[in-house]
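Engineer: return atomic coordinates for the entry below.
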Amino acid sequence: MTSEEPEGLGERPVVHRHQGGHVGDNEDQMRRRESVQRWWERDNWAQIGTVAAVLVGAGTLLFTGIATLFQAMVADDQLEQSRRTSEQQEREQAALVSYWTSDRESALHIMNRSLDPVHDVELAFAALTKQDATQQPPRGRVTFVVKLGSLPPCSEVVISEQTVGLRWQSAVPRQLRAQHPVRPGLPRGDWRKLNRLQRLELLDMDFVDRDGAGWSRDGDSQLEDGRQGVGYPVGGNVASPGRFVRSPQAEPLDMCREG
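Structural biologist: Model prediction:
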């Protein structure tokens, strides 16, 4: 007896599960590649061009901004350098007009070490004397205000008892006047010699340089542009006024330079 397999049990259906999955995956991949290809062909170049243009424009603006900033910094530096150079040139001659004092000889030296004259030289200085029981002048201080006029190139004026003869009298504030040494001699009054002189101290000095600019140098030797004006102290600081007997003479200096 021939055995027969039950119907439907002889052959098992073949399930192409994996193959069907591979086919589906391949189809999806193909569709994605086609989509990417279509996007690439349709949109990508336009977008890349837009992005590139934006980047180039931003780079250009950045470069222009940096270049402009650098140029502005260079211009400011050049302007500042030009200003410093101009100020230095303006002060060149004035810086060579100075003074120094000698306690050993109780003298004041006014110097012009430039190769050009300076004009309208005016100075105020104090003569300090040693204090004692019979001290004259009062407080041991005499103030001199003198108009020297012009100071020749490469020269100095030495002010001391030996060179000009220093005299003083009691202060009369309303009669205080600057002395012009071109007119030597003493005005009327009781003018006395300074005894026991210790030193001379510059208070202020004004002058005009070769370009007509006014300058001032104070007792600390600080140089300032503009004439500050010299004169006698006022108020409670009025000191006994002093006068020269002889006009000071300018003497040549050994070393000078262009200013």
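Engineer: quick one: buried residues of stretch 53-69?
Structural biologist: By neighbour count with 16 or more other Cβ atoms under 10 Å, stretch 53-69 contains no buried residues. Glycine gets a C-beta too; all of them are placed from N, C-alpha and C.
Engineer: dump it to PDB, keeping only the CA atoms.
Structural biologist: Below are the C-alpha coordinates for stretch 53-69, written out as PDB (Å, rounded to 0.1, in the frame of the first residue of the first chain):
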ATOM      1  CA  ALA A  53      29.500  84.200  -2.200                       C
ATOM      2  CA  VAL A  54      28.600  84.900   1.400                       C
ATOM      3  CA  LEU A  55      31.900  83.600   2.700                       C
ATOM      4  CA  VAL A  56      33.900  85.600   0.100                       C
ATOM      5  CA  GLY A  57      31.900  88.700   1.000                       C
ATOM      6  CA  ALA A  58      32.400  88.200   4.700                       C
ATOM      7  CA  GLY A  59      36.100  87.600   4.200                       C
ATOM      8  CA  THR A  60      36.400  90.700   2.100                       C
ATOM      9  CA  LEU A  61      34.600  92.800   4.700                       C
ATOM     10  CA  LEU A  62      36.800  91.300   7.400                       C
ATOM     11  CA  PHE A  63      40.000  92.000   5.500                       C
ATOM     12  CA  THR A  64      38.800  95.500   4.700                       C
ATOM     13  CA  GLY A  65      38.000  96.200   8.300                       C
ATOM     14  CA  ILE A  66      41.400  94.900   9.500                       C
ATOM     15  CA  ALA A  67      43.200  96.900   6.800                       C
ATOM     16  CA  THR A  68      41.200 100.100   7.700                       C
ATOM     17  CA  LEU A  69      42.000  99.600  11.400                       C
END
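Engineer: contact partners for Arg227?
Structural biologist: Contacts for Arg227 (Cβ atoms under 8 Å, 6 or more residues apart in numbering) come out as Asp206, Val208, Gly214, Trp215, Ser216.
Engineer: in TSV: the residues you listed, plus neighbour count, distance to Ala171 and pLDDT.
Structural biologist: TSV is the format used below for those (neighbours: other Cβ atoms under 10 Å; distance: Cβ to Cβ, whole Å; pLDDT from 0 to 100):
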residue	neighbour count	distance to Ala171	pLDDT
Asp206	20	22	95
Val208	18	29	96
Gly214	17	28	95
Trp215	22	29	96
Ser216	19	24	95
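Engineer: now, the most widely separated pair of those residues?
Structural biologist: When Cβ to Cβ is used, the two most widely separated members of the contacts of Arg227 are Val208 and Ser216, lying 10.7 Å apart.
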